[in-house]
Every structure is written in structure tokens, then in C-alpha cells.
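J.: Here is my input; please provide its structure:
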Amino acid sequence: MNLLSPNGNMYQASTFAGNPISVSAAISSIKTINKMKNKLYSKLERFNLLFSTALDDMATDMKIPHKISISLLLCYKFSSQIRL
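T.: Residues are numbered from 1 along each chain as shown. Model prediction:
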């Protein structure tokens, strides 16, 4: 800890690090995920497939260059210079 500011010359900061509300939300999220067990990811994958398909259809219809990720990555890129 002596290496960290104000004693040391290394500065460490984070918006949510150690914030009691953020920690409480994280713990609650983990508990919820554990309760859902194997149901969570299959639900997320179905939602992502529906959302990705709708977004792909709209972008294609509007002739917008785009790339949509697979599975649970939820990454959508719109660009005239897409790299695959």
C-alpha cells in the first residue's frame, strides 16, 4: 500500500472500486445468477438471437454496413470500413 498515492508514486482509482452500492449490486447479481443456474444463459442466447436478427434485418434493409457478433458478446458495429 505504500506504493500507492499519496505515499507512493502510483495512482489507483476507479469509479466503482469499493463503492458499497456497486459491491452490493455485484453480490446481488451473483446470487441471482446462481439461483437461475442453467436457465440464464439459454434465455440470454435466445434474447440475443432475436435482437441480433432484428438488428441485422434493419441494417440490411437500410443498406448500412454492419457486423454483428455471435453468442452472448452483444457487439454490434456499424461502419463503411468493417474488418471481419
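
J.: Tell me how far the helix or strand Ser24 falls within lies from the chain's centre.
T.: Ser24 is part of helix 20-36 when elements are defined by DSSP states H and E. Computed by CA atoms, centre = their mean, to the nearest Å, the separation of helix 20-36 from the middle of its chain amounts to 16 Å.

J.: Give the next helix or strand downstream of that helix.
T.: Under the assignment DSSP H and E, the closest C-terminal helix or strand after helix 20-36 is helix 39-61.

J.: neighbouring strands for the following helix or strand past that following helix, and are they parallel or not?
T.: As assigned by DSSP H and E, the chain's next helix or strand after helix 39-61 is strand 66-68. Neighbouring strands of strand 66-68 in its sheet, by DSSP bridges, are strand 76-78 (antiparallel).

J.: Give me the average confidence score over the strand it pairs with.
T.: Strand 76-78 shows a mean pLDDT of 73.

J.: quick one on the thing from earlier: buried residues in the helix holding Ser24?
T.: By 16 or more other CB atoms under 10 Å, helix 20-36 has no buried positions at all. Yep, even glycine has a C-beta here, placed from its N, CA and C like the rest.

J.: And the pLDDT at the residue lying closest to Ile33 once chain neighbours are set aside?
T.: Spatial nearest neighbour of Ile33, excluding adjacent residues (CB to CB, 6 or more residues apart in numbering): Leu40 at 5.9 Å. As predicted, Leu40 sits at a pLDDT of 83.

J.: so Leu40 sits right up against Ile30, yeah?
T.: No - assessed by CB atoms under 8 Å, Leu40 is found out of contact with Ile30, at 11.6 Å.

J.: This completes my enquiry, with thanks.
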